[in-house]
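Q: Return a 3D structure for these sequence lines:
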Amino acid sequence: MAKSRRQLDGLLGPLETEVMEAVWTLGDTTVRDVHAALARHRDLAYTTVMTTMGRLAGKGLLVRDTRGLAHRYRAALTREEYARSTVHSVVDWLVHSFPEPAISYFVDVVNDGDDPVVLDALRTKIERLRAQEG
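A: A predicted model of the protein is given here:
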């Protein structure tokens, strides 16, 4: 099994999530600004925020500008782009790791909506896939 399948790529830890939320809110920012924003709600060392932002930059989630005295950071993707990527990663991992329960759950959720248009679209998609197999 590929490493990314085991790790659920795209998921962030609690502190990484808080840092990303702060960066999305602040926009182009510094470690000092993010630390100040987070310190309002919790006791956190400046170096912890600096290390976390460096790791997020290493993961490609933050872009670091080192031209000035204080490094500036900005999000590499929007909150919506990150959410879409994370959902894709989690669903992909679930479908590959636990195909039957994942698909059964998905069908149950779709069916609970009681929307005949959605159910018809799902049936049509399944029929097309079966036709391609045969």
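Q: The spatially most central residue of the chain sits in which helix or strand?
A: In the chain, the centroid-proximal residue (Cα atoms, centre = their mean) is Thr86; its distance is 3.2 Å. Using DSSP states H and E, Thr86 sits in helix 79-97.
Q: For that helix, name the packing helices and strands.
A: helix 3-7, helix 14-26, helix 99-112 (3 or more Cβ pairs under 8 Å, 6 or more residues apart in numbering; DSSP states H and E). Glycine gets a C-beta too; all of them are placed from N, C-alpha and C.
Q: Pull out the buried positions in the last one.
A: Just to be clear, that refers to helix 99-112. Ala102 (16 or more other Cβ atoms under 10 Å).
Q: need the next SSE after it, C-terminal direction.
A: Using DSSP H and E, the helix or strand that follows helix 99-112 in sequence is helix 116-133.
Q: Please enumerate residues in contact with that following helix?
A: With contact meaning Cβ atoms under 8 Å, 6 or more residues apart in numbering, helix 116-133 is reached by Val107, Val110, Asn111.
Q: please redo it, this time with the cut-off set to 6 Å
A: Val110 (Cβ atoms under 6 Å, 6 or more residues apart in numbering).
Q: All set now, cheers.
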